[in-house]
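J.: this one's sequence-less:
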């Protein structure tokens, strides 16, 4: 990893929640000491991480982890998140982790409880959900009075999800219902299928959307090919056209997240800059938010490496634009008080 120096400028679920909170409390003093290094006037003096994952494999089942790299096949709880973000003043929005479908409700209950506890960096949650499920309306209604419930995500890039899935009539109906409930929907797509999601945003003008991970681009399409590597899944122009189409939709914001996980050995800020800069320019300074994507980011970079690279990439942009990316836009979009 090549990173340059920073450039200046239920009963069971109740037990799980106690475990998460207990672990968080044990490290509160150390985390507070780490935050003492933050420059209070810097644009990133406060970071709102809109994409925080947590999982405890003693109590949760994540079917996709079976085929995941070894670094992800362990528990990542609040104490590990605090350690990963040491030295930063971070508040986090939990992002669902594609748990087994029968545990969606218990995951949501647990994480919304943690967000309300005041004992962790988490202040809100985007929960997992199935917009096309017959009981989706009741599922959303179950949480609708909870102000920490900010939205729903259903990942659409799994091998079992066919192209065009998000355009099925029942899926569209569920996403429209989210808009009626005042909640957003996070789009996590395969890059070649981004135009399907653009169509979904057009069909649901009353729903706010968040495009995760800059649309999951293949970083190889932005540089010269290297010996022995696979061809990119799409061209740079195809991805740019999709991003530009999202940016023309007033009900979509872009999340600068996820791309650090795709870095390979020797990669760094220069590999990510074309993606970050195009998204920032396309969406504009008022419609972009930051996401850590921890611990998935560990596939390519640590949390601090990702923050450092992003600082480098945006170094020449005005401080006010940086502040909006790191925290201001998320505070407004998610209606947060921290």
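T.: Yes, it's here. What you are looking at is a predicted structure, and each value in this text was computed from that prediction instead of being measured. Numbering: from 1, shown residues only.

J.: Report the buried residues of stretch 93-107.
T.: 93, 94, 95, 96, 97, 98, 99, 103, 104, 105, 106, 107 (16 or more other CB atoms under 10 Å). Every C-beta, even on glycine, is put in place using the N, C-alpha and C of the backbone.

J.: Might one say that the fifth one is in contact with residue 55?
T.: Right, residue 97. Yes: between residue 97 and residue 55 there is a contact under CB atoms under 8 Å: 5.2 Å.

J.: Touching both of those two, which residues are there?
T.: Listed as contacting both residue 97 and residue 55 by CB atoms under 8 Å, 6 or more residues apart in numbering are residue 62.

J.: how much space between residue 243 and residue 175?
T.: 20 Å (CB to CB, to the nearest Å).

J.: again, but for residue 328
T.: Taking CB to CB, one finds residue 328 at 27 Å from residue 175.

J.: Counting neighbours, go ahead and name the busier of the two.
T.: In this view residue 328 and residue 175 are compared by other CB atoms under 10 Å, and residue 175 has more residues nearby, 24 against 19.

J.: Which of the three states applies to that one?
T.: Here residue 175 is helix, with the state taken from DSSP: H, G, I helix; E, B strand; the rest coil.

J.: Poorly predicted segments of the protein, please.
T.: Applying pLDDT under 70 to the chain flags the ranges 1-37.

J.: what about 50?
T.: The chain contains residues with pLDDT under 50 at 3-15, 18, 20-36.

J.: Let me see the contact set for the residue nearest to the spatial centre of it.
T.: Of all residues in the chain, the one closest to the mean position by CA atoms, centre = their mean is residue 51, 2.9 Å from it. Applying CB under 8 Å, 6+ apart, we find residue 51 in contact with 93, 95, 212, 255, 257, 258, 291, 292, 293.

J.: quick one: secondary structure of it?
T.: Assignment for residue 51 (three-state DSSP): strand.

J.: distance of it from residue 74?
T.: With distances taken as CB to CB, residue 51 is found 19 Å from residue 74.

J.: Next one: the residue nearest to the centre of the chain relative to residue 309, how far apart?
T.: Residue 51 is 16 Å from residue 309, where distance means CB to CB.

J.: same deal with residue 191?
T.: Note on residue 191: its distance to residue 309, by CB to CB, is 20 Å.

J.: more crowded one of these two?
T.: Neighbours were counted for residue 191 and for residue 309 using other CB under 10 Å; residue 309 has more, 27 against 20.

J.: Could you find the closest non-adjacent residue to the more buried one?
T.: Using CB to CB, 6 or more residues apart in numbering and skipping residues adjacent in sequence, the residue nearest residue 309 is residue 269, 4.1 Å away.

J.: can you check residue 116 too?
T.: Excluding the flanking residues, the one nearest residue 116 by CB to CB, 6+ apart is residue 148, at 5.8 Å.

J.: residues touching the one you found, list them.
T.: Listed by CB under 8 Å, 6+ apart, the contact set of residue 148 reads 112, 115, 116, 123, 124, 125.

J.: can you do 7 Å?
T.: With contact set as CB atoms under 7 Å, 6 or more residues apart in numbering, residue 148 has these partners: 112, 115, 116, 124, 125.

J.: Quick check: helices, which of the residues you listed are part of them?
T.: Among the contacts of residue 148, the ones falling in helices (DSSP state H) are 112, 115, 116.

J.: Settle this for me: the second one is touching residue 126, isn't it.
T.: In this case it means residue 115. No: applying CB atoms under 7 Å as the test, residue 115 and residue 126 come out as separate, 10.6 Å apart.

J.: okay, and the common contacts of those two?
T.: residue 94.

J.: Looking at these two, which is more packed in?
T.: Set residue 115 next to residue 126 and count neighbours by other CB under 10 Å: residue 126 wins out with 26 against 22.

J.: hang on, isn't that one packed against residue 95?
T.: Yes: the criterion here is CB under 7 Å, and residue 126 meets it with residue 95 at 5.3 Å.
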